[in-house]
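Asker: Predicted coordinates and the sequence they were generated for:
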Protein chains: 2
Amino acid sequence: MEIQTPYLLFLGDAPDALAAKVAMGIKQWHPEYCVGQYRMDTCQADCQLPDLDIAAAKAAGAKTLVIGVANRGGIISPAWIDVLKQALHAGLDLAAGLHNRLNAIDELVDLAKSLGRQMFDVRFPTQTFSVASGKRRKGKRVLPVGTDCSVGKMYTALAITEVLHQRGLKATFRATGQTGILVSGAGVSVDSVVSDFISGAVEELAPANDADHWDVIEGQGSLFHPSFAGVTTGLIHGAQADALVLCHEPTRTHMRGTPEFALPDLKTCMALNLTMAHLTNPAAKFVGISINTSQLAESDAYTLMATLEKEHNLPVVDPFRQGVERIVDQMLAL
Amino acid sequence: MEIQTPYLLFLGDAPDALAAKVAMGIKQWHPEYCVGQYRMDTCQADCQLPDLDIAAAKAAGAKTLVIGVANRGGIISPAWIDVLKQALHAGLDLAAGLHNRLNAIDELVDLAKSLGRQMFDVRFPTQTFSVASGKRRKGKRVLPVGTDCSVGKMYTALAITEVLHQRGLKATFRATGQTGILVSGAGVSVDSVVSDFISGAVEELAPANDADHWDVIEGQGSLFHPSFAGVTTGLIHGAQADALVLCHEPTRTHMRGTPEFALPDLKTCMALNLTMAHLTNPAAKFVGISINTSQLAESDAYTLMATLEKEHNLPVVDPFRQGVERIVDQMLAL
């Protein structure tokens, strides 16, 4: 799945900035993909991009309108359809990562077909994949893994990719979830792949590459999450990562969505991730710990990170506060 | 998915007994489901059931024609279509577990629809599942796990179910693969479930039950298989098994389909399975080891099992040679 850039970011009728989180992510990580934003009258979010109507976006070179907003329920809103149709008429493709599909809305399907436009529902893979071979492949790979879901794995992966690029090194971010796909324009939503093919999909997503090329694979879920550990296991095996980064949110009181389940301690979590990773890459090592300290005061955050650094003898950073330079140093020293 | 019994077993043009393995399994485990077999002129397999044509099968009470044969390629053969249409006309449903779908063959779909018949493609779940909650549920559950794929997990589960029934205990076999579904008439092919829902599908397949009821859940894959461990992980977490049985084939030289991967030793394999199982059931324990010794001479088989029994301090049996009584004793002693 390769979505044409640049994008017009559709913020629709977002009731607040959080609702436009996907658009914000695209703007943050790939400002060069974004020619402007489209906001309806009631929109309360702002990506600080030029406000463009469809014709102006087309004139500015936009190839795809990306739905960067999630309303309550996470579905494509009937209130958006007119704008989406205008975009198709103007020659733009559409992309969305919501729970229902652009390709399930008849009037959009018919119009896109008659105009020769593409509509990408990035949550739903359209490819078929092979069963994983487990065969070792060339190139280097790094994979963030988590104590829990939503602890900063995508952010960490994107930050690592950026640092590698800044240093002039060969690196590709490999998205495995809908937000990552919309941020980067390509990828596979692995939690939507049929379970026989999880590892195979990741082998295909991050294929053999130059010996000095890094694939930075977005992590998913957690081996300690009772709902999603199957996805995480398949992803780890398919990734054959050389380097693992542990991601953690220190104020989380239980596994996301499952109040009966406590978070693992970091040592236990790293040990099990290594056990699983070693099956397909016996040389896999942790190269750092990435802590999302957004819920902590600055001084508490730095105290915590210093303690963890001593305890685990690895670089410990908050990618948002400090960047991931030190983790990348450790990766490159492998 | 609940397939109506009794069955007419369709052996088609099976070139040898192995090709009719699914039919043989149904006959072995549920002879009471089988009113007869249908063999085409060139059929070389025999389930030792009355040979019935469609009209005779209907008269004998058959509700479903089950395709119990897999030709090379595992697809529904054009040579079978006439018989399948006769069966629909006679009022039988159809069931198959092959790579292509009965429901993708237009002439069968149209005919089944016009006659109000059902066609079950058991490899492809038609339900949607919820994400697993991980919430502990009542009832007892036992799960065979393997050093590899195809080492006897289904056979072991069916044998355990049979012994529990013989002892007058409440037990249900829960099929998780296409052969198990055709053998038992119900289940979910978990390796075909979208990966986000593996554990959720198993929670639904083996729901809360009476405190003294055993769900005997068919295992899939292996935590040590680089292609399928994601499925196995999700299955273990969803199962919340109280009892685990390790299944092993001692002559296997490498993991099935992946020559680069050695089999784990039994201790390592049991330890990782326990680690994973303890996430959703901290009390999970191994209650036995089930060895498929079909490739060994009898004396070698018994010597091996005696050695393993001493080493692991658990009942070690070949379910085919000795039955699983001793494993069931250990389960019930938990």
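Answerer: Happy to help now that I have it.
Asker: Around chain B, which positions in the stretch 1-150 of chain A sit nearby?
Answerer: Listed as neighbours of chain B in the stretch 1-150 of chain A under the rule Cβ under 8 Å from any Cβ of the partner chain: A:131-136. Bear in mind the C-beta positions are built from the backbone N, C-alpha and C, glycine included.
Asker: change it to 6 Å
Answerer: Counting by Cβ under 6 Å from any Cβ of the partner chain, the residues of the stretch 1-150 of chain A close to chain B are A:131-132, A:134.
Asker: same question, the stretch 201-334 of chain A
Answerer: Residues of the stretch 201-334 of chain A lying close to chain B (Cβ under 6 Å from any Cβ) are A:226-227, A:229-231, A:233-234, A:237, A:258, A:261, A:280.
Asker: which stretch of helix or strand covers the residue nearest the centre of chain A?
Answerer: Of all residues in chain A, the one closest to the mean position by Cα atoms, centre = their mean is residue A:180, 2.7 Å from it. Using DSSP states H and E, residue A:180 sits within helix A:178-184.
Asker: Low-confidence ranges, chain A, go.
Answerer: A:1 (pLDDT under 70).
Asker: okay, the host helix or strand of residue A:161 in PDB with CA atoms only?
Answerer: For residue A:161, the host element (DSSP H and E) is helix A:153-166. Extracted in PDB, the C-alpha atoms of helix A:153-166 (Å, rounded to 0.1, in the frame of the first residue of the first chain):
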ATOM      1  CA  LYS A 153       6.400   2.600  20.300                       C
ATOM      2  CA  MET A 154       5.400   4.500  17.100                       C
ATOM      3  CA  TYR A 155       6.800   7.800  18.300                       C
ATOM      4  CA  THR A 156      10.100   6.100  19.300                       C
ATOM      5  CA  ALA A 157      10.400   4.400  15.900                       C
ATOM      6  CA  LEU A 158       9.700   7.600  14.000                       C
ATOM      7  CA  ALA A 159      12.200   9.500  16.200                       C
ATOM      8  CA  ILE A 160      14.900   6.800  15.600                       C
ATOM      9  CA  THR A 161      14.200   7.000  11.800                       C
ATOM     10  CA  GLU A 162      14.600  10.700  11.900                       C
ATOM     11  CA  VAL A 163      18.000  10.600  13.700                       C
ATOM     12  CA  LEU A 164      19.300   7.900  11.300                       C
ATOM     13  CA  HIS A 165      18.300  10.100   8.400                       C
ATOM     14  CA  GLN A 166      19.900  13.200  10.000                       C
END
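Asker: Partner strands of the helix or strand just after it, with direction?
Answerer: Downstream of helix A:153-166, the first helix or strand assigned by DSSP H and E is strand A:171-174. For strand A:171-174, the paired strands and their directions (DSSP bridges) read strand A:214-217 (parallel).
Asker: roughly how far is the strand it pairs with from the heart of the chain?
Answerer: 12 Å (Cα atoms, centre = their mean, to the nearest Å).
Asker: Same question for stretch A:248-262.
Answerer: Offset of stretch A:248-262 from its chain centre (Cα atoms, centre = their mean): 21 Å.
Asker: Quick check: the gap between the residue of the stretch 51-200 of chain A found nearest chain B and residue B:228.
Answerer: Proximity of the stretch 51-200 of chain A to chain B (Cβ to the nearest Cβ) peaks at residue A:134, 3.0 Å away. Look at residue A:134 and residue B:228: by Cβ to Cβ, to the nearest Å, they are 10 Å apart.
Asker: do residue A:219 as well
Answerer: Using Cβ to Cβ, one gets 20 Å for the distance from residue A:219 to residue B:228.
Asker: Equivalent analysis for residue A:124, please.
Answerer: Counting by Cβ to Cβ - residue A:124 and residue B:228 are separated by 22 Å.
Asker: again with residue A:5
Answerer: According to Cβ to Cβ, residue A:5 stands 36 Å off from residue B:228.
Asker: Residue A:77 now?
Answerer: 39 Å.
Asker: Which one of these two is surrounded by more residues?
Answerer: residue B:228 (32 against 18; other Cβ atoms under 10 Å in any protein chain shown).
Asker: can you pull the contacts of the more buried one?
Answerer: By Cβ atoms under 6 Å, 6 or more residues apart in numbering or on different chains, residue B:228 lies in contact with residue B:221.
Asker: Chain A: strands as residue ranges?
Answerer: Along chain A, counting by DSSP state E, strands occupy A:7-12, A:34-39, A:64-67, A:93-96, A:119-121, A:140-146, A:171-174, A:214-217, A:243-248, A:285-291, A:316-317.
Asker: Could you point out which of those sits nearest residue B:91?
Answerer: Proximity to residue B:91 (Cβ to Cβ) singles out strand A:119-121 among the strands of chain A, at 40.7 Å.
Asker: now the helices: where do they sit in chain A?
Answerer: Listed in chain order, the helices of chain A (DSSP state H) span A:21-29, A:54-59, A:81-90, A:106-115, A:153-166, A:178-184, A:198-205, A:229-239, A:266-280, A:298-312, A:319-322, A:325-332.
Asker: Deepest-packed of those, please.
Answerer: Comparing the helices of chain A by mean neighbour count (mean count of other Cβ atoms under 10 Å in any protein chain shown), helix A:229-239 comes out on top with a mean of 31.
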